[in-house]
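In: Mind folding the following:
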Amino acid sequence: MEDAKFTLLKHIGTGDIGVIVDSNISETTYCKTHDNEGEVLGCTQAECYCFENHKSNFAKDCMAGINKYCGEINGDDLDLSKATDVDSMISLFSEHENREKITRFINDWERTHSKHIKCRCVTYWNGFYWRSIMLHHETKDLKDFGFEIVEGKEATRIVNEIPDFPSLDGPVSIKTANFNFLFSKDPSPYYCEILAWNY
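Out: Below is the predicted model of the structure:
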């Protein structure tokens, strides 16, 4: 594949290597990726620091900031569990005499304090639903996802022998001097794969 750049992803359990075309890699936030069942992860599961993650202290910390900025507010009647986004947080103060000042503070707080974990991944349609394969995560090691990046001399040897994509009626195996590259027409994040027992 002339002029293409590749990333090589090794499955720790099997040793198989997936060849990924770099142009298919996207930078996004972890909460927007898809899990193994095709569901969007969401802010709670991704452990973002924001209103949308009800398990975080974001709304509570925002409330502390409101008290500091706008004066002490009796929060006994406020249900912060309902603050699942900016608008719902603002709505808790709809009857407050300082609601305009509080609204400005909440908007500024969300803009400057929310934290959504960044990542690099390949998202693809597997024939049934969307899945995301992680290549970099801001706070977790790639091994936590069962993979590692192949780099250095091993990567160079493989990349130098990657063949052009063949015409496919089914799975096609192409042997080079040192490797056996497996191509498939089935939906996959990979340009091709190298099975551990074939090299």
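In: List the contacts of the residue nearest the centre of the chain.
Out: Geometric centre of the chain, nearest residue: residue 30, 3.0 Å, by C-alpha atoms, centre = their mean. Each residue near residue 30 by C-beta atoms under 8 Å, 6 or more residues apart in numbering is listed here: 41, 46, 48, 116, 117, 118, 119, 137, 138. (Each C-beta comes from the backbone N, C-alpha and C, glycine too.)
In: Could you report the pLDDT at the first one?
Out: It refers to residue 41. In this model, residue 41 is scored at 97, pLDDT.
In: Likewise for the fourth one?
Out: As summarised for this prediction, residue 116 has a pLDDT of 97.
In: residues near the nearest residue to it once chain neighbours are set aside, how many?
Out: Distance criterion C-beta to C-beta, 6 or more residues apart in numbering; nearest residue to residue 116, sequence neighbours excluded, is residue 29 at 4.0 Å. By the criterion of other C-beta atoms under 10 Å, residue 29 has 16 neighbours.
In: Now that we have the contacts of residue 30, which of them are buried?
Out: Neighbour counting by 16 or more other C-beta atoms under 10 Å classes 41, 46, 48, 116, 117, 119, 137 among the contacts of residue 30 as buried.
In: Out of those, which comes closest to residue 84?
Out: Nearest to residue 84 among those, counting by C-beta to C-beta, is residue 48 at 12.3 Å.
In: Surely that closest one touches residue 118?
Out: No - in this structure residue 48 lies outside contact range of residue 118 using C-beta atoms under 8 Å: 10.7 Å.
In: on that earlier part again, of the contacts of residue 30, closest to residue 152?
Out: residue 137 (21.3 Å).
In: Give me the pLDDT value at the closest one.
Out: Value for residue 137, per-residue pLDDT: 96.
In: so how far is residue 129 from it?
Out: 21 Å (C-beta to C-beta, to the nearest Å).
In: Using the record's domain definitions, break the chain down for me.
Out: 6-42+120-198, 58-113 (automatic domain parsing).
In: Give me the distance between the residue located most distally from the centre of the chain and residue 66.
Out: Residue farthest from the centre of the chain, counting by C-alpha atoms, centre = their mean, is residue 97 at 41.1 Å. Remark: distance between residue 97 and residue 66 (C-beta to C-beta) = 13 Å.
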